[in-house]
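Trainee: sequence and computational prediction follow.
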Amino acid sequence: MDADHILRQLKLTIKLMELHDENPFKIRSLQSAVNNIDRGEIDIEGKSPQELQNLHGIGKSLADTIVSLQATGSFPGLDELLAKTPSGILEVLEIKGLGPKKVKALWEELNITSTHELMEACQSGQVAKIKGFGEKTQESIIQSLQFKEANQGKWLYADLELSMDELAEVIKKHSKVVDIFPVGEYGRKMEIIEQVEWLIATDDRKQVIRALSDIDSLLQDRKISSPFTWRGKLKSPEVKMAFHFTDPADLVLEKIVRTASKAHLLHHVEGDKSLVEIIREEPHYYDESEAYQKAGLPLIPAEIREGLIEFDLAKSGKIDHLVVDNDLRGILHNHSTYSDGKHTLRQMAEHCRDLGYEYLGISDHSRTAFYAGGLEIERVQQQHREIDLLNQELAPFRIFKGIESDILIDGSLDYPEDVLSTFDFVVASVHSSLNMDVKKATQRLLKAIESPYTTILGHPTGRLLLRRGGYPIDHKAIIQACADHGVVIEINANPWRLDLDWRWVQEAMDKGVKLSINPDAHEMEGYADMRYGVIAGRKGGLTKDMTFNALSLKEMETYLQQRKNSIKKS
Ligand SMILES: [Zn+2]
Ligand SMILES: [Zn+2]
């Protein structure tokens, strides 16, 4: 079991200890050790029992616990807690806004031991009557439950990629499989996936279907399968799957038809003929370029076959200039151990440089984000001194001094002007009071965008895909304000966020607003998320010239300097 899993089990243990009223001192001491592991202050990975015991804040008993978790995934204390907890309670504990104390109250007062019972009790108004709950809490529980329900069985694209690649490798090895391609929403790299579909080229469908059923990780659902399509699920992660089959000669055509959205296929390309009608006129194509050429179009990449903007992009010639991974020259919006990051400033910088980037923008949390170790003014100054030294050492590589400034409730930034003016760039983001209505939330962002110190608007809606919706904002007004004030909008590349949503990228570009593909990395490995931002950008039609961090170091230095100069003059 790796450190992340161990941490998750320890956090669950704490929740269960609270639920069962265990000794508060024990809970507090475990909590503080978990916080230290979580923040990366102590590293438990690959340590022997003796080494674990010697770590600060980890005594003999926690060391034993970790050893047991590493070996078996559990430990006696957790097993005991689980044995006296109804399994449905574990699900209730996962609901946003419900801490162990509230779950305990629900259990004791209303005998609620499942999310289903909880929903019923909320709908009949019983939950609001419990001391400490009230109408508002009851309403937000209902919303969380509905959100959860709506997202049942759905997965982040990023969380499926690895298992899907492995599965495709296995299938490809079968002698009767000529080729296999992802199609449908997975083929279009949608940010959220409900079903993964594949297209297999073979001239012996029956044998391949039999072979699929022999794969341990797959489970066929015969009721919905047919001789032409295998339907069922992958067991872990549990996701709906479908395999379609085609004659190898028809592969290109089938691949386009099965990947594209309906709107894409039915788009009228010439006169009254739709794309699909035109390409169906020929039975066989050598490749997808040839098929699109038949319709007088350049190749439209699979991920943007949504029927939204791709035909305009094709007409304007922009489709060949969509951003690619290699266009990105630097990485902005990252955290270090100064706030809640796992790796030091030096580690973050050296790793960035080693990956071939020209610059790093470090933007730790600002002081109001105390829960994330936000920086007091002295720490900002200390970090700036360290950056100056590192910049001398690592030149020509450069670290830009940034901050992720909380946007306070009234829309102002988190430091006085004399501190704000010491940064090279400021990412302004909302992290608190997320339940504003659209008017208040928009006003709050507009005020932040108006600040001359704001360089980038961070994760504009605060959404966490499959976990919580974002606060509502008037996208058009926000984008217009960014255009008016020269503020860049972030595409937060963390697969949980992908915020700005790609469906708004075109609007931003039309208004002349640049987009920055930012990983919001809290550890070195976090840089790898940039590719999900690139996918999102491409889906929205983002071109290289409108991508902020496609600027070279020289260009970025000039841009940021000019922006600072313009503040001094105003
Ligand atoms: Zn943030
Ligand atoms: Zn951040």
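Mentor: On my side now, so go ahead. Residues are numbered from 1 along each chain as shown. Ligands and ions are numbered 1, 2, ... in the order given.
Trainee: could I get the buried residue list for stretch 243-262?
Mentor: 243-246, 251-261 (16 or more other C-beta atoms under 10 Å). Heads up, the C-betas are built off the backbone N, CA and C, glycines and all.
Trainee: return the alpha-carbon coordinates of that stretch using PDB.
Mentor: Provided in PDB are the C-alpha atoms of stretch 243-262 (Å, rounded to 0.1, in the frame of the first residue of the first chain):
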ATOM      1  CA  PHE A 243     -16.900  -2.900 -27.700                       C
ATOM      2  CA  HIS A 244     -18.000  -2.400 -31.200                       C
ATOM      3  CA  PHE A 245     -16.600  -4.300 -34.200                       C
ATOM      4  CA  THR A 246     -15.800  -3.500 -37.700                       C
ATOM      5  CA  ASP A 247     -14.400  -5.100 -40.800                       C
ATOM      6  CA  PRO A 248     -10.800  -3.900 -41.100                       C
ATOM      7  CA  ALA A 249     -11.600  -2.300 -44.500                       C
ATOM      8  CA  ASP A 250     -14.200  -0.100 -42.900                       C
ATOM      9  CA  LEU A 251     -12.200   0.900 -40.000                       C
ATOM     10  CA  VAL A 252     -11.500   4.600 -40.900                       C
ATOM     11  CA  LEU A 253     -15.200   5.400 -41.600                       C
ATOM     12  CA  GLU A 254     -16.500   3.500 -38.600                       C
ATOM     13  CA  LYS A 255     -13.900   5.200 -36.400                       C
ATOM     14  CA  ILE A 256     -15.100   8.700 -37.400                       C
ATOM     15  CA  VAL A 257     -18.700   7.800 -37.100                       C
ATOM     16  CA  ARG A 258     -18.300   6.200 -33.700                       C
ATOM     17  CA  THR A 259     -16.100   8.900 -32.200                       C
ATOM     18  CA  ALA A 260     -17.800  12.100 -33.300                       C
ATOM     19  CA  SER A 261     -20.900  13.600 -31.600                       C
ATOM     20  CA  LYS A 262     -24.100  13.600 -33.500                       C
END
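Trainee: what's that stretch in contact with?
Mentor: If you take C-beta atoms under 8 Å, 6 or more residues apart in numbering as the criterion, stretch 243-262 is touched by 178-179, 181, 183-184, 187-188, 197-203, 205, 208-209, 212, 228-231, 265, 276, 279-280, 282-288, 290-291, 302, 305-307.
Trainee: my guess is residue 42 contacts residue 62, does it?
Mentor: No: in this structure residue 42 lies outside contact range of residue 62 using C-beta atoms under 8 Å: 10.6 Å.
Trainee: looking at the two, which is more packed in?
Mentor: A count of neighbours by other C-beta atoms under 10 Å puts residue 62 above the other of residue 42 and residue 62, at 21 against 16.
Trainee: helix or strand: which one has the residue of the stretch 351-500 of the chain found nearest ligand 2?
Mentor: Closest to ligand 2 within the stretch 351-500 of the chain is residue 404: 4.6 Å, counting by C-beta to the ion. Per DSSP states H and E, residue 404 falls inside strand 398-406.
Trainee: report the buried residues of that strand.
Mentor: 398-406.
Trainee: hang on, the earlier thing: pLDDT score assigned to the residue of the stretch 351-500 of the chain closest to ligand 2?
Mentor: Residue 404 is assigned a predicted lDDT (pLDDT) of 98.
Trainee: tell me the contacts of it?
Mentor: Counted by C-beta under 8 Å, 6+ apart, residue 404 has contacts 333, 335, 363-366, 369, 427-429, 458.
Trainee: run through this protein and note the low-pLDDT ranges.
Mentor: Across the chain, the ranges flagged by pLDDT under 70 are 569-570.
Trainee: which bits of it sit near ligand 2?
Mentor: 404, 520 (C-beta under 5 Å from the ion).
Trainee: domains in the chain, by residue range?
Mentor: Structural domains annotated on the chain: 3-148, 151-247, 260-318, 325-569, as defined by automatic domain parsing.
Trainee: in strands only, show me the contacts of stretch 243-262.
Mentor: 179, 181, 183, 197-201, 229-231 (DSSP state E).
Trainee: now the buried members of the residues you listed.
Mentor: For those, buried by 16+ other C-beta under 10 Å: 181, 183, 197-201, 230-231.
Trainee: re earlier: which residues do residue 42 and residue 62 both contact?
Mentor: residue 33.
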